[in-house]
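Q: sequence first, then the predicted structure:
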Amino acid sequence: MSRVAYVNGRFVPHAMASVHIEDRGYQFADGVYEVIAIQDGKLVDEAGHIDRLDRSLRELRMARPMGRQAHGLVMRELIRRNRVRNGVIYMQVTRGVAPRNFLFPPAATSPSLVMTVRRTDLFPTARLRDGVRIVSMPDIRWKRRDIKSVGLLPQVLGKQRAAEAGAFEGWMLDESGFVTEGCSSNAWIVTRDGVLVTHEASHEILNGITRQSIIRIAREAGIPFEERAFRLEEAFEAREAFLTSASTYCIPIVRVDDRPIGNGHPGLLTAKLRQAYAAYAASGRTV
Ligand code: PMP
């Protein structure tokens, strides 16, 4: 089955899909993106992701490439054409194609929209059974991490560094030693007292859509929850740690910088939250 991409109004074979060399995403990272999971053919947390895409666009004074309803239809058509039941859809909007100039291009310049779909394993058995390792590193990003910008160089370097250290993900530390988030995920711990903790939503982190759903699920289940920053030292004392993102849902962390978390095995609350999130995804509900 050949893959199909969507590029500025057209469905094209993936291998032929391209944008102009003066696309501002290419030259200035002047663009934003979203990744939405597809479970059993259904988009997971669609409304949250599209709301956040709109917010990122607004914050950068960038125009929406098409209406929300049309966008929903095109996403579904792309998934259908690629015959993907479980995987992710990636979408990127840039300020469009214009001669290289820092200033915004003339208002008539249309934003570019590119979308691709690929299969992924949303339920990686070994990873969920064994948990993953994390390494910490300084957070060297800009100060508007709440915008889902395609400017991802710090995360490219961070994830490469983590992979070379044999770890699944990097946790980034601010200048006071607090964990902001993972390179492409939000960071969580469960304290000795059973309190679920994750960094508050601010300009310091990307407010994950999976993060928001997990918070809602935890609240509904009556799990004690604190939205605040934590340091590595607190993570070392924690009972559990995990990460969340649209493409991984919820993954247990068993070691951080080579120190075991809790008993060194995936935690029970982590498994419970993951299960609840997967059930919510399967329901096709969106809140
Ligand atoms: N933080 C960062 C820096 C990310 O890149 C991501 C995933 N794109 C997340 C958090 C998780 O966000 P979401 O749950 O919306 O995928």
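A: Good, I have the coordinates. None of these values were measured; they are calculated from a predicted model.

Q: for the ligand, what are the nearby residues on this protein?
A: Residues of the chain lying close to the ligand by CB under 6 Å from any ligand atom are 35, 181, 184-186, 206, 208-211, 244-246. No exception for glycine: its C-beta is placed from N, CA and C like everyone else's.

Q: and Glu164, backbone torsions?
A: The phi/psi pair for Glu164 (degrees, to the nearest 10) reads phi -70, psi -20.

Q: for the ligand, see how far away it is.
A: Note on Glu164: its distance to the ligand, by CB to the nearest ligand atom, to the nearest Å, is 19 Å.

Q: what is the burial count for that residue?
A: 9 (other CB atoms under 10 Å).

Q: how far is stretch 84-100 from where the chain is centred?
A: Distance, stretch centre to chain centre, for stretch 84-100: 14 Å (CA atoms, centre = their mean, to the nearest Å).

Q: again, but for stretch 195-210
A: Chain-centre distance of stretch 195-210: 12 Å, with CA atoms, centre = their mean.

Q: so for it, mean pLDDT?
A: Averaged across stretch 195-210, pLDDT comes to 98.

Q: residues contacting it, please?
A: Identification of contacts with stretch 195-210 by CB atoms under 8 Å, 6 or more residues apart in numbering yields 45, 48-49, 52, 143-146, 148, 174, 178-181, 185-191, 211, 215, 218, 223-230, 234, 244-246, 249-250, 269, 277.

Q: which residues touch the residue nearest the centre of the chain?
A: The geometric centre of the chain, computed from its C-alpha atoms, lies nearest to Ser245 (CA atoms, centre = their mean), at 4.6 Å. By CB under 8 Å, 6+ apart, Ser245 lies in contact with Val35, Gly182, Ser184, Ser185, Asn186, Gly208, Thr210.

Q: quick revisit: restricted to strands, list the contacts of stretch 195-210.
A: Judged by DSSP state E, the contacts of stretch 195-210 include 178-181, 186-190, 225-227, 230, 244-245, 249-250 as members of strands.

Q: of those residues, buried ones?
A: Taking 16 or more other CB atoms under 10 Å as the criterion, what is buried in the ones in strands among the contacts of stretch 195-210 is 178-181, 186-190, 230, 244-245, 249-250.

Q: what's the closest non-adjacent residue to Arg100?
A: Of all residues not flanking Arg100 in the chain, Gln27 sits nearest, at 5.5 Å (CB to CB, 6 or more residues apart in numbering).

Q: low-confidence ranges, the stretch 1-150 of the chain, go.
A: Low-confidence segments of the stretch 1-150 of the chain (pLDDT under 70): 1.

Q: span of stretch 225-243 from start to end?
A: Using CA to CA, to the nearest Å, the end-to-end distance of stretch 225-243 comes to 16 Å.

Q: now do stretch 96-109
A: Terminal residues of stretch 96-109 lie 6 Å apart, using CA to CA.

Q: ok, stretch 55-65 next?
A: Using CA to CA, the end-to-end distance of stretch 55-65 comes to 14 Å.

Q: and Glu77, what element?
A: With elements taken from DSSP states H and E, the one containing Glu77 is helix 68-82.

Q: following that helix, which helix or strand comes up?
A: strand 87-94.

Q: in its sheet, what does that next one sit against?
A: Strand pairing for strand 87-94, determined by DSSP bridges: strand 31-39 (antiparallel), strand 112-119 (antiparallel).

Q: just those strands: most buried one?
A: Ranked by mean neighbour count, these are led by strand 31-39 with a mean of 22 (mean count of other CB atoms under 10 Å).

Q: determine how far it lies from the middle of the whole chain.
A: Relative to its parent chain, strand 31-39 has a centroid offset of 7 Å by CA atoms, centre = their mean.

Q: contacts only, for Gly72.
A: Taking CB under 8 Å, 6+ apart, we find Gly72 in contact with Glu46, Ile50.

Q: for the stretch 151-287 of the chain, what spans make up the helices?
A: 153-164, 209-220, 232-237, 268-283 (DSSP state H, counting those that start in this stretch).

Q: measure Gln275 to Asp121 for me?
A: Computed as CB to CB, to the nearest Å, the Gln275 to Asp121 distance reads 17 Å.

Q: looking at the two, which is more packed in?
A: More crowded of Gln275 and Asp121, by other CB under 10 Å: Gln275, with 13 against 10.
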